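Novice: Need a 3D model of the sequence below.
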Amino acid sequence: MICPLTVCKANEDDAGAILVLGDSWASASGNFLGGVCSLVTDEDEREGGYTTKAVANHGIAGSTAAGWASSGKAKDAFTNPKYDYRYVWLSIGGNDFLGSCDDNGSISQNILSVISDVIDSSSNEKLEILYTGYGYPTKDGCGGGTGPYDALNLSIRNAIENSSYAGRVTYVDISSEFVTAQSYPFSDKQWYADNIHINEAGYIKLFSIEAIQDFFECASTARTTSSPSSSHTTTPTTSIPTTTPTRKTSTPTSTLTPAPTSICKDRTESFTATKPGENGWVKQKTCQDWVNRKWTAWRCKFVGGVKESCPKMCTNCCVDTEDSFVLRGNGKLKTCKWAAANASVRCRKAPTRQLCAVTCAECD
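Specialist: I've put the predicted structure just below:
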């Protein structure tokens, strides 16, 4: 639907295959997630061509967490599967909540039951699950403002993070992601097809969230170019393309701006940033206004001159912070000691890799 089959099949990455399970939010996404790593909307990150992820969508519109838990549908997805799934996006619980606007704890427990079915049914020990919940509706359907929705999200998040599956499930709170100053406290209709379902623009916005990009390892799975100044790059665009973009034939080169001084601090003036690859560029950028604005981890890792000019912002000067920090995905306070317990997974949860650069091997 959103990512045309002819495009998504062109350079499919079976090793990063995604299984989509759940209700109408899941089913209506089609094979959109195949192009998740092309969704960086900043023009500076656009690349010609990209590799998509293979997607199998088993979403069922109108289905409930209770139905998935009792029927074993999640297990069926692993019976003669087309791919060895690396990721699962799970979207259930919304229909259980509609009507009553109340969670007596059963929704969370049924979600955990489905998570258990997924993990137990998969032979891939590296399989990870993404649970996002839902954005606020475009109008109050419960009569209590956003309170009932917040209570549901908190219940689900606590259940997941306090379960034995916490290490393999990433919870990203998207409840306020679609809220604007004009629509506050509910979601803006520009991203919704109706009161509760997001439209194509909504899916683009949803899957462009940095924490979700991190979950699908969009930066770390980037391709390597064959140009003299090649390095790993991602392949972003503003939407899933329907044709292969025209590629440039040369890559700009320049001398990287030296690191500021022996004192660890970010430059306040502009510096020369060099993006490698066939569609690379050389531009003047700043740490605060450009690097810190969005996609910070990606820019620090792949754009030449950034880590050298913004050492504090990119790697905390190659010293793990001793302070607690807030995860962007769920607002939880964490530490580098927490990251070290499962670095391969937790370092992908922004901004962990920047603040725990030693633990996350960003300074090797």
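Novice: can we go C-alpha only for contacts and neighbour counts from here?
Specialist: Will do.
Novice: Break the chain down into its structural domains.
Specialist: Domains of the chain are assigned by automatic domain parsing as 5-215, 239-355.
Novice: quick one: average pLDDT of the last one?
Specialist: Okay, so that is domain 239-355. The average pLDDT for domain 239-355 rounds to 75.
Novice: Kindly report the same for stretch 22-34.
Specialist: For stretch 22-34, the mean pLDDT works out to 92.
Novice: give me the low-pLDDT residue ranges for the stretch 51-200 of the chain?
Specialist: Residues of the stretch 51-200 of the chain that meet the criterion pLDDT under 70 lie in 51.
Novice: what about 50?
Specialist: Applying pLDDT under 50 to the stretch 51-200 of the chain flags no residue at all.
Novice: ok so, going back, how about CSV for the domains of the chain, with mean neighbour count added?
Specialist: Formatted as CSV, those follow (neighbours: other CA atoms under 10 Å):
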stretch, mean neighbour count
domain 5-215, 19
domain 239-355, 18
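Novice: Is it possible to get JSON lines of those that adds distance to Ala361?
Specialist: Shown next, in JSON lines, are these (distance: least, CA to CA, whole Å):
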{"stretch": "domain 5-215", "distance to Ala361": "16"}
{"stretch": "domain 239-355", "distance to Ala361": "8"}
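Novice: To Glu362, which of these lies closest?
Specialist: Checking the domains of the chain against Glu362 by CA to CA gives domain 239-355 as the closest, at 7.0 Å.
Novice: Show me how far that closest one is from its chain's centre.
Specialist: From the chain centre to the centre of domain 239-355 is a distance of 16 Å (CA atoms, centre = their mean, to the nearest Å).
Novice: Quick one: residues contacting the residue nearest the centre of the chain.
Specialist: Nearest to the geometric centre of the chain sits Ile212, at 1.0 Å (CA atoms, centre = their mean). Counting by CA atoms under 8 Å, 6 or more residues apart in numbering, Ile212 touches Val172.
Novice: Quick check: it vs Ile174, distance?
Specialist: Counting by CA to CA, to the nearest Å, the separation of Ile212 from Ile174 is 10 Å.
Novice: just the strands in the stretch 201-350 of the chain please.
Specialist: Remark: strands assigned in the stretch 201-350 of the chain by DSSP state E, counting those that start in this stretch are 223-224, 232-233, 271-275, 281-285, 325-326, 333-334.
Novice: Can you list the helices and strands that the fifth one packs against?
Specialist: This means strand 325-326. Judged by 3 or more CA pairs under 8 Å, 6 or more residues apart in numbering; DSSP states H and E, strand 325-326 is in contact with strand 333-334.
Novice: Could you rerun that using 10 Å?
Specialist: Applying 3 or more CA pairs under 10 Å, 6 or more residues apart in numbering; DSSP states H and E, one finds that strand 325-326 makes contact with strand 333-334, helix 352-355.
Novice: What strands line up against the shortest one, and which way round?
Specialist: Its sheet considered, strand 333-334 pairs with strand 325-326 (antiparallel) by DSSP bridges.
Novice: and the closest residue in space to Ala54 that isn't next to it in sequence, helix, strand or coil?
Specialist: Spatially, and ignoring its direct neighbours in sequence, Ala54 is nearest to Ala17 (4.6 Å; CA to CA, 6 or more residues apart in numbering). Assigned with DSSP: H, G, I helix; E, B strand; the rest coil, Ala17 falls in the strand class.
Novice: show me what contacts the nearest residue to Arg168 once chain neighbours are set aside?
Specialist: Nearest non-adjacent residue to Arg168, counting by CA to CA, 6+ apart: Glu128, 5.0 Å away. The neighbourhood of Glu128, defined by CA atoms under 10 Å, 6 or more residues apart in numbering, consists of 18, 85-89, 118-119, 165, 167-170, 215-216, 345.
Novice: rerun that using 6 Å as the cut-off
Specialist: Applying CA atoms under 6 Å, 6 or more residues apart in numbering to Glu128 gives the contacts Tyr87, Arg168, Val169.
Novice: And for Ser270?
Specialist: Contacts of Ser270 by CA under 6 Å, 6+ apart are Gln284, Lys285, Thr286.
Novice: will you turn these into TSV that also has distance to Cys264?
Specialist: TSV is the format used below for the contacts of Ser270 (distance: CA to CA, whole Å):
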residue	distance to Cys264
Gln284	21
Lys285	19
Thr286	16
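Novice: So which of those residues is the closest to Val36?
Specialist: Val36 has its nearest neighbour among these in Lys285, at 26.2 Å by CA to CA.
Novice: returning to what we had before: just so I know, which of the helices and strands packed on strand 325-326 lies nearest Thr268?
Specialist: Minimum separation from Thr268 across these (CA to CA) falls at helix 352-355, 18.9 Å.
Novice: Can you give the contact residues for that closest one?
Specialist: Contacts with helix 352-355, where a contact means CA under 6 Å, 6+ apart, come from Cys314, Thr315, Asn316, Asp320, Thr321, Cys347, Cys360.
Novice: Closest to Phe178 out of those?
Specialist: Checking the contacts of helix 352-355 one by one against Phe178 (CA to CA), the nearest turns out to be Cys347, at 26.2 Å.
Novice: Excluding chain neighbours, what is closest to the closest one?
Specialist: Arg353 (5.0 Å).
Novice: picking that back up, distance to Val306 added to the helices and strands packed on strand 325-326, as a markdown table?
Specialist: A markdown table is the format used below for these (distance: least, CA to CA, whole Å):
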| stretch | distance to Val306 |
| --- | --- |
| strand 333-334 | 26 |
| helix 352-355 | 13 |
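Novice: so what's His58 closest to, chain neighbours aside?
Specialist: Leu21 (5.2 Å).
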